[in-house]
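Asks: Based on what follows, work out the 3D shape:
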Amino acid sequence: MQHFENGSGQKIDLETWNRRATFQLFKDYSEPYHGVCLRVDCTATYRFARQNHISVFLSLVHRSLLAANQVENFRTRIVDGTAWHYDQINAGSAVGRANGTIGFGHYPFHPRMEDFVREGSVELERVRQREDLERYPDANLIRYSVLPWFDFTAISHAHDVSRKDSAPHITFGKITESNGRAAMPVSIHVHHALADGLHVAQFVEKFEQALADPAAEVF
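Replies: Prediction:
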């Protein structure tokens, strides 16, 4: 696993946090995640990746991660039963292997897509050559997956209720083209103690802006 510059995390003072009541209500739910599936226009980013011969998947992860790092609630996690706010969120994803199994890849965030995709491509190849499952040790990541075979309208995820996970889960589906535009389904699942529908909407707005301008580093 490559080295990460994770950035600092700050423990949130629950006595003064405006989400205290919501946090206390949902943090111990057996199923605390809520989610949505929606379709996004990914034309600009898809064309950029194809024209520059770079990974479409990593390009989409980068634009999503850029958006997530600009939404405070997507940078908040539960650590040892309390809330922490991180300066930077990285990415992890399932990686398909030639023998039909999967591994886990981990990618540090970089504002420039070229830097992110370059490092991420090395990580993808490294994981494909292994046989084990490496777990990212810290909480400041988003868990990504891709189902390139399905233009899905709903999705569910496996959960180990004994493991206290609070990272968002984001899945990309099959990209389809029509009338000169490219679109794909996206599922977004977040921990309700940390994020509500409003925060998902804020993320989606930033994500759509990032997809429309693959060269931009902030919005």
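
Asks: per-residue pLDDT, residue 177?
Replies: pLDDT recorded at residue 177 is 97.

Asks: try residue 100
Replies: pLDDT, residue 100: 94.

Asks: What number of residues are in the vicinity of residue 218?
Replies: Residue 218 has 9 neighbours, counted by other C-beta atoms under 10 Å. Yep, even glycine has a C-beta here, placed from its N, CA and C like the rest.

Asks: Return the set of buried residues in the longest strand seen in the chain.
Replies: Using DSSP state E to define each element, the chain has its longest strand at strand 181-191. Under the neighbour-count criterion of 16 or more other C-beta atoms under 10 Å, strand 181-191 has 182-191 buried.

Asks: so what secondary structure elements neighbour the next helix or strand after that strand?
Replies: Of the helices and strands lying after strand 181-191 in sequence (DSSP states H and E), the nearest is helix 197-212. Judged by 3 or more C-beta pairs under 8 Å, 6 or more residues apart in numbering; DSSP states H and E, helix 197-212 is in contact with strand 33-41, helix 43-51, helix 56-68, strand 181-191.

Asks: got the angle for helix 197-212 vs helix 43-51?
Replies: 50 degrees (axes from the mean of the first three to the mean of the last three C-alpha atoms, to 10 degrees).

Asks: from the buried residues of strand 181-191, which is closest to residue 15?
Replies: residue 191 (20.9 Å; C-beta to C-beta).

Asks: quick one: terminal-to-terminal distance for stretch 31-45?
Replies: By C-alpha to C-alpha, to the nearest Å, the extent of stretch 31-45 from end to end equals 34 Å.

Asks: in this protein, which ranges drop under the pLDDT threshold?
Replies: Counting by pLDDT under 70, the chain has low-confidence residues at 1-7.

Asks: 80 - rerun?
Replies: Low-confidence segments of the chain (pLDDT under 80): 1-8, 159-163, 219.

Asks: Please verify my assumption that residue 11 contacts residue 81.
Replies: No: Residue 11 lies out of contact with residue 81 (C-beta atoms under 8 Å); the separation is 11.2 Å.

Asks: more neighbours, the two?
Replies: residue 11 (11 against 8).

Asks: Phi and psi next, for the most centrally placed residue in the chain.
Replies: Nearest residue to the geometric centre of the chain (C-alpha atoms, centre = their mean): residue 142, 3.8 Å. The phi/psi pair for residue 142 (degrees, to the nearest 10) reads phi -110, psi 140.

Asks: which residues touch the nearest residue to it once chain neighbours are set aside?
Replies: The shortest distance from residue 142 to any non-neighbouring residue, by C-beta to C-beta, 6 or more residues apart in numbering, is to residue 168 (4.9 Å). Counting by C-beta atoms under 8 Å, 6 or more residues apart in numbering, residue 168 makes contact with 68, 74, 142-143, 188-191, 195.
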